[in-house]
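Chemist: Prediction below, plus the sequence it came from.
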Amino acid sequence: MDSSTKQRYISTSIWSDEWFDTLSIQEKLVYFHLLTNEFTNAAGVYHFSLKQVRIDLDISRDEVNAAIGKFEAAGKAYFFKEYIIIPKWLKHQKISERSKMFLGALAILRGLPDEIKGFIADRKHYDFPVEKYVQIPSIYRLCPVEDSLCLKNDSLSENGGKNGIGYAKKDENSAHDSDSDSDLDLDLDLGGGGRSDHSDPPARENPVREEPPPPQLLNTIRKKAAAAGFAVGGSIARKFSAAGIDPSWFSGPHDFLEFMAHNVRAKYPGEPPERQRDIFLSAITWDNLRETYPEWRERQEGAEKLRRAAHARDHPPETCRCGGALLPDGRCPSCSGKYEFENSRWVYEPPSGRTFADILEGIRGKEIPKEMPPGLEF
């Protein structure tokens, strides 16, 4: 299996779900696409373009918008500010609060733009107690903290979302909150374990604390992002550091930010620089990048090693370690040794039957270079 491939398990009982049965064949296909496309992640909240649906399924813009509108009206999926939100994704993962997947989902949620955090803080949009674990500036909250369902003041329901599609108002017994969709169990391949119920994670007196990132890491992130062509400020650097990325991925050659920039430019080559920067800032949450980065970095390091070897092979040494000038075939007339190219570097081979001590004795009195030329091994 390709290392970039992710597995999504969908219960076969989806075919007997009442809401799913109301969908047309095309709408079912669009819904499955939202659940299984390559941009999905452990949180069920991911940056996405509906253009990708049109390309993959070969359907029109109006058909895609109509399907999304139907999903939004039923509370099954939302498209907001170029993010897809699957409301019951985490509720059906059956994960424990301390599992790697749960912590990974929290890292994704904490790395989302504040506007998206505010949107999913409304439990109608995302069935998970986001504000227990994620800090959301009050300006971006769509409803009061104490009113987690926003049943009365739902500005999005009144004004519509990005596509101008109104969100249907629902009471507490609506289809969205009923058990009718409890069959839509979407499980990642976790190797078993985790919660078997669909309850919210247990509330804790002291939720997960976010330690302030070290200044050195923030400086590294800013420098690496600038080197990748996307300058970021201190606040963005802090969001990147809190996104659950291994800090070592931000350092060294072929870092994660370079990989992000490479993917953004490859996937959106026709977008203007300002738009590419916006996409780059959101790409930190893309799970598919985290899953494929180690393999990409290994390929880059392998390619760089081959380039260094080719450069060394094309630039043989001109002077022997003993100080003598080498002939074109790598032989040294002074000490009768020879240089051979082995394992990406030039290696000195002393003349047959002689040791290094013999060679030093033979050239005693001559000036011996203090340092070996780059790429040579004596």
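Modeler: Received the coordinates, thanks. Numbering: from 1, shown residues only.
Chemist: and the closest residue to Asp287 other than its chain neighbours, what does it touch?
Modeler: Spatially, and ignoring its direct neighbours in sequence, Asp287 is nearest to Asn41 (3.4 Å; Cβ to Cβ, 6 or more residues apart in numbering). Backbone N, C-alpha and C define where each C-beta goes, glycine included. By Cβ atoms under 8 Å, 6 or more residues apart in numbering, the contact list for Asn41 reads 105, 108, 285-288.
Chemist: Show me these that map onto helices.
Modeler: 105, 108, 287-288 (DSSP state H).
Chemist: who are the neighbours in contact with the residue nearest to Ala242 when sequence neighbours are not counted?
Modeler: Nearest in space to Ala242, with sequence neighbours left out and distances taken as Cβ to Cβ, 6+ apart, is Arg110 at 5.3 Å. For Arg110, the contact set (Cβ under 8 Å, 6+ apart) comprises 133-135, 210, 239, 242-244.
Chemist: Now render the residues you listed as a markdown table, adding pLDDT and distance to Ala303.
Modeler: Below are the contacts of Arg110 laid out as a markdown table (pLDDT from 0 to 100; distance: Cβ to Cβ, whole Å):
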| residue | pLDDT | distance to Ala303 |
| --- | --- | --- |
| Tyr133 | 87 | 40 |
| Val134 | 89 | 39 |
| Gln135 | 85 | 41 |
| Glu210 | 52 | 37 |
| Lys239 | 84 | 31 |
| Ala242 | 82 | 32 |
| Ala243 | 81 | 27 |
| Gly244 | 78 | 28 |
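Chemist: can you put the contacts of Asn41 in TSV and add pLDDT?
Modeler: TSV is the format used below for the contacts of Asn41 (pLDDT from 0 to 100):
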residue	pLDDT
Ala105	86
Ile108	90
Thr285	80
Trp286	81
Asp287	76
Asn288	81
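Chemist: Looking at those, which one is closest to Asp329?
Modeler: Nearest to Asp329 out of the contacts of Asn41 is Asn288 (Cβ to Cβ; 51.3 Å).
Chemist: pretty sure that closest one contacts Asn37?
Modeler: No - at 9.4 Å, Asn288 and Asn37 do not qualify as touching, with contact defined as Cβ atoms under 8 Å.
Chemist: got the residue ranges for the strands in the stretch 201-350 of the chain?
Modeler: For the stretch 201-350 of the chain, the strands defined by DSSP state E, counting those that start in this stretch occupy 338-342, 345-349.
Chemist: got the contact list for the residue lying closest to Glu271 once chain neighbours are set aside?
Modeler: Among residues not flanking Glu271 along the chain, Ile279 sits closest, at 7.0 Å (Cβ to Cβ, 6+ apart). For Ile279, the residues meeting the contact criterion (Cβ under 8 Å, 6+ apart) are 47, 264, 267-268, 271.
Chemist: Repeat that for Ser251.
Modeler: With Cβ under 8 Å, 6+ apart, Ser251 has these contacts: 220, 224.
Chemist: And the pLDDT for it?
Modeler: The per-residue pLDDT reported for Ser251 equals 87.
Chemist: Work out for me the element the residue nearest to Asp287 sits within.
Modeler: Using DSSP states H and E, Asn41 sits within no helix or strand.
Chemist: so how far is Leu112 from it?
Modeler: 11 Å (Cβ to Cβ, to the nearest Å).
Chemist: One more: Val45?
Modeler: Distance, Val45 to Leu112, using Cβ to Cβ: 6 Å.
Chemist: joint contacts of the two?
Modeler: Common contacts of Val45 and Leu112 (Cβ under 8 Å, 6+ apart): 83, 120, 285.
Chemist: Turn the residues you listed into TSV, columns for distance to Gly302 and neighbour count.
Modeler: Listed next are those as TSV, based on distance: Cβ to Cβ, whole Å; neighbours: other Cβ atoms under 10 Å:
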residue	distance to Gly302	neighbour count
Tyr83	35	20
Ile120	40	27
Thr285	28	26
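Chemist: Columns distance to Lys51 on top of these, output as a markdown table?
Modeler: Shown next, in a markdown table, are these (distance: Cβ to Cβ, whole Å):
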| residue | distance to Lys51 |
| --- | --- |
| Tyr83 | 14 |
| Ile120 | 23 |
| Thr285 | 19 |
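Chemist: Compute the number of surrounding residues for Ser336.
Modeler: As a burial measure, Ser336 scores 16 neighbours (other Cβ atoms under 10 Å).
Chemist: how about the nearest residue to it, chain neighbours excluded?
Modeler: Leaving aside its sequence neighbours, Ser336 sits nearest to Pro351 (Cβ to Cβ, 6+ apart; 4.0 Å).
Chemist: cool, and Gly104?
Modeler: For Gly104, the spatially nearest residue (Cβ to Cβ, 6+ apart) is Ala42, at 4.8 Å.
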